[in-house]
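**Student:** Quick one, what's the 3D model for this:
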Amino acid sequence: MAPALAATTPTVVYGFGGQCPPTYWHNRMVRPTRGYFGLACEGGVRAVSWNSWRKYNAHGRGKWLVFNGIGFTTRPATISLSDVKFHNGHRYFSHMVINWVTRSGTHKMAIENWRHISGAGYIWV
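**Tutor:** Residues are numbered from 1 along each chain as shown. A predicted model of the protein is given here:
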């Protein structure tokens with residue numbers, strides 16, 4: 001059974017807030033506005049506005065950052081968080097889906113999971 005604290009606090013997300021790389025269990029956040037993902041921070045989101053933040057899922061919009069070799073190209077995107085797990089009595093989202101459309105009109109999807117990578121700690125991959 002989950003601790004009582006988790007029942008009264010919002011579900012959080014780890015690995016957001018702009019740290020690079022976004023590892024371990026630091027900076028749990030509710031409704032973060034930006035984040036970088038992967039060991040080299042080759043992807044990310046910024047200017048995120050959350051339409052909903054519920055106990056078991058969250059949905060928002062923002063700018064997807066696509067690394068182009070010398071910097072980032074931004075594209076409007078939708079972001080969904082789900083698959084709630086527990087860490088130290090806090091509910092957290094462990095699955096993220098980001099959808100965007102390329103300049104040429106191709107629909108793309110990035111699926112990321114908060115998990116342990118040997119030698120790197122916890123990270124969105």
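**Student:** Residue 45: neighbouring residues, count only.
**Tutor:** Under the neighbour criterion other C-beta atoms under 10 Å, residue 45 is assigned a count of 25. The way it works is simple: take the backbone N, C-alpha and C, and place the C-beta from them, glycine included.
**Student:** oh sorry, the question was meant for residue 29
**Tutor:** Applying other C-beta under 10 Å, I find that residue 29 has 16 neighbouring residues.
**Student:** Confirm for me that it is in contact with residue 11.
**Tutor:** No: the pair residue 29 / residue 11 is not scored as a contact, 10.7 Å apart, by C-beta atoms under 8 Å.
**Student:** Spit out the residues that contact the two alike.
**Tutor:** Common neighbours of residue 29 and residue 11 (criterion: C-beta atoms under 8 Å, 6 or more residues apart in numbering): none identified.
**Student:** what sits against the residue nearest to residue 78 when sequence neighbours are not counted?
**Tutor:** Leaving aside its sequence neighbours, residue 78 sits nearest to residue 99 (C-beta to C-beta, 6 or more residues apart in numbering; 4.9 Å). Contact partners of residue 99, counting by C-beta under 8 Å, 6+ apart, are 77, 78, 107, 108, 109.
**Student:** For residue 63, give me its contacts.
**Tutor:** Here residue 63 is in contact with 45, 46, 47, 74, 75, 76, 77 (C-beta under 8 Å, 6+ apart).
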